[in-house]
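Peer 1: pasting the sequence and the predicted model now:
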There are 2 protein chains.
Amino acid sequence: MMGEFELIAAIKQLAEGLPANGFEGIGDDCAVLEIGQDEALVFTTDALCEEVHFLREAISARRLGEKALAVNLSDVASMGVRPVAVLLTLSLPNDLPAGWVEEFVAGFTSLCKTHQVALIGGDTTRSKSGITLNITAIGRGAKQHIKRRSDGRVGDIVCVSDCLGASAAGLKEVLRGNFESPLAAIHHHPTAAIEVGAWLGSCKEVHAMMDISDGIASDLTHILKASAVGAEIELSAIPVAEGATLEEALSGGEDYKLLLTVDAASSEAFMRKFEQTFQRPLYPIGRLTASQALVWLEKGVPTQQELRGFCHF
Amino acid sequence: MMGEFELIAAIKQLAEGLPANGFEGIGDDCAVLEIGQDEALVFTTDALCEEVHFLREAISARRLGEKALAVNLSDVASMGVRPVAVLLTLSLPNDLPAGWVEEFVAGFTSLCKTHQVALIGGDTTRSKSGITLNITAIGRGAKQHIKRRSDGRVGDIVCVSDCLGASAAGLKEVLRGNFESPLAAIHHHPTAAIEVGAWLGSCKEVHAMMDISDGIASDLTHILKASAVGAEIELSAIPVAEGATLEEALSGGEDYKLLLTVDAASSEAFMRKFEQTFQRPLYPIGRLTASQALVWLEKGVPTQQELRGFCHF
């Protein structure tokens, strides 16, 4: 069978032979549809499968409801707009314990409430084995606030919105059977950067943006490819979360922080504005280059390190 | 565990406690969002699970790709507007034969092309066992063309857009291992009533509308409840497809024809207009009443027949 990225590439190619009907389609965290004079809607969909994305015994139904929503809202936030609505599909086996669905839905809808997101539809079906969840999220905002992967420019400062690697370190603990550690809790309870994403969307200094779901070693390559640029990233500048390793920060999945590129001329003032707004720093980790290659630096010196992203497939 | 309708009712109740953000949410075939002065978007999502909705050995990957899309486009058509875009999620096990995904995607995108629908995004993940497909479809049309389940009025003529029961009869053949019969082909190759739905949407004589996915014995009750009316349905007027029984026409699933209610005063002229347009009849099967009960008639006389819809859960 084809790998995930091969399959996506094949589907993207077929999709390009179809009419666009006004949508910007596959290739970013969300599809975009401009509506009216000044607004846009964005659309994203994601599945979570039992024993692939989660273990039923490791995460409570309520936490899973919150996580399933958070990872989808993160894709909306990474476009620079706010989520406004979701559709939820539940494919459920017969062997669920009593109360599981009720708890899942309670977790899901309570996070909808926190972020003021409407639950506008869905589907419930039986599954032969294993839980599969699918969520489609819709965001809405000003047309000029939309941040695309393709908007990076040579010279931009590459930044991350928060420390990285805690989720990957937590996943290792979960797979060792340690479901209750603080890092496991971070893995099971990711926070979508809704406020930060909407704020960054409103800042013209921000050029490209995406969320970090596969690790920056993989995710950054999407910005580079879409923007037709390269990058130099300083490994010592990567903000590694407490309890995580540099490798987890670079190649671990599911951090759901934001990766963005900032106009070089205004970047220092912009860093200060971010810190004043959120009481914590934005982390500059490198810059976009004209080389079309991704170069990792160790204190300014290129390294030969081979880095790959997390594979969900 | 709760049944499907119980679960949907519980989710609907929780959803009603959330902000609407301008959407008309759960309760119709699609959610509705008005955009600009005169337009609306509609949204629907549906999953197909292996061994629940289909057998891998009974349907080719290409046909499944077409069917998965058709059943979602049918929900859009039933709102009276045209589908414009879809998102596709594939959760795939490791045991798929070579070429399966390619064939599925080819079938899916070829039907997208037929109906001029954009494929704007999706997700691909591994599944531990069994194929799960999830599709979100988006429709767009004039605000005044949207047909809701709640728009039925006492006196309206209840109509169906085509003959019923062939899919249910085909499913019985599939379950007997007869995958190649003409009825099995109908079950595996449903047609979404895109043109008919968009045309009916443009007709002000049409009040309530929905698609027939669970059999009219079940589906009609949704219109009755949403419109706070009853109905008298004449069993001898039900158009039964060739090879199907009356029971299959009433209680079988997956016909994907349209169920609608038509303004009584203009219904005869409207039936003629439909027939002139599509070269086949629209079938009147009864009328909406003020009684709030669903009464089945046999040549005008009420029967005690117990009728239930098809359960996908």
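Peer 2: Everything's here; your move. Since the model is a prediction, treat every value here as computed from it, not as a measurement. Numbers count the residues shown, from 1 in each chain, chains lettered A, B, ... in the order given.

Peer 1: now A:L164. Nearest residue, chain neighbours left out?
Peer 2: Using CB to CB, 6 or more residues apart in numbering or on different chains and skipping the chain neighbours, the partner closest in space to A:L164 is A:A249 (3.9 Å). All C-beta atoms are positioned from the backbone trio N, CA, C, and that covers glycine.

Peer 1: make that A:A198, sorry
Peer 2: A:R82 (5.0 Å).

Peer 1: in what helix or strand does A:E275 lie?
Peer 2: helix A:267-278 (DSSP states H and E).

Peer 1: just the mean pLDDT for that helix, thanks.
Peer 2: Per-residue pLDDT over helix A:267-278 has a mean of 97.

Peer 1: what are the contacting residues of it?
Peer 2: Helix A:267-278 has contacts (CB atoms under 8 Å, 6 or more residues apart in numbering or on different chains) with A:I157, A:C159, A:V196, A:W199, A:C203, A:E205, A:V206, A:V262, A:D263, A:P281, A:L282, A:P284.

Peer 1: could you pull out the buried residues of that helix?
Peer 2: Using 16 or more other CB atoms under 10 Å in any protein chain shown as the test for burial, helix A:267-278 gives A:S267, A:F270, A:M271, A:F274.

Peer 1: what's the spacing between it and its chain's center?
Peer 2: 22 Å (CA atoms, centre = their mean, to the nearest Å).

Peer 1: helix or strand next in line after it, which one?
Peer 2: That would be, after helix A:267-278 and using DSSP H and E, strand A:283-289.

Peer 1: helix or strand right after that following strand?
Peer 2: strand A:294-298.

Peer 1: and that next one, average pLDDT?
Peer 2: Mean per-residue pLDDT for strand A:294-298: 93.

Peer 1: what residues does the very next helix or strand once past it touch?
Peer 2: Following strand A:294-298 in sequence order, the next helix or strand is strand A:301-302 (DSSP H and E). Residues outside strand A:301-302 that contact it (CB under 8 Å, 6+ apart) are A:V295, A:W296.

Peer 1: who does strand A:301-302 pair up with?
Peer 2: Next to strand A:301-302 in the sheet, as set by DSSP bridges, lie strand A:294-298 (antiparallel).

Peer 1: between the partner strand and strand A:283-289, how big is the angle?
Peer 2: Here strand A:294-298 points in a direction 130 degrees away from that of strand A:283-289 (axes from the mean of the first three to the mean of the last three CA atoms, to 10 degrees).

Peer 1: quick one: contacts of strand A:294-298?
Peer 2: Residues outside strand A:294-298 that contact it (CB under 8 Å, 6+ apart) are A:220-221, A:224, A:230-236, A:286, A:289, A:302-303, A:305, A:307.

Peer 1: where's A:I135 relative to chain B, distance?
Peer 2: As judged by CB to the nearest CB, to the nearest Å, A:I135 and chain B stand 9 Å apart.

Peer 1: I'd assumed A:L88 was in contact with that residue.
Peer 2: Yes - here A:I135 reaches A:L88: they are 5.7 Å apart, a contact under CB atoms under 8 Å.

Peer 1: A:A264 should be in a strand, yeah?
Peer 2: No - under DSSP: H, G, I helix; E, B strand; the rest coil, A:A264 sits outside any strand and is assigned coil.

Peer 1: so it sits right up against A:P284, yeah?
Peer 2: No - shown here, A:A264 and A:P284 do not form a contact pair, counting by CB under 8 Å, at 10.3 Å.

Peer 1: between these two, which contacts overlap?
Peer 2: What both A:A264 and A:P284 touch, as defined by CB under 8 Å, 6+ apart, is the set A:I157.

Peer 1: any idea what the residue nearest to the spatial centre of chain A is bridged to?
Peer 2: With distances taken as CA atoms, centre = their mean, A:D211 lies nearest the centre of chain A, 3.2 Å away. Per DSSP bridges, residues listed as beta-bridge partners of A:D211: A:L258.

Peer 1: show the contacting residues for it.
Peer 2: Residues in contact with A:D211 (CB under 8 Å, 6+ apart) are A:D29, A:S74, A:D75, A:A77, A:S78, A:A193, A:D219, A:Y256, A:K257, A:L258, A:L259.

Peer 1: show me those residues that map onto strands.
Peer 2: Under the assignment DSSP state E, the contacts of A:D211 contribute A:K257, A:L258, A:L259 to strands.

Peer 1: OK, contacts around the first one?
Peer 2: When the contact criterion is CB under 8 Å, 6+ apart, the partners of A:K257 are A:V160, A:S161, A:D162, A:C163, A:L164, A:A193, A:D211, A:I212.

Peer 1: how about the last one?
Peer 2: Applying CB under 8 Å, 6+ apart, one finds that A:L259 lies in contact with A:V158, A:C159, A:V160, A:S161, A:M209, A:M210, A:D211, A:I212, A:I216, A:D219, A:L220, A:I223.
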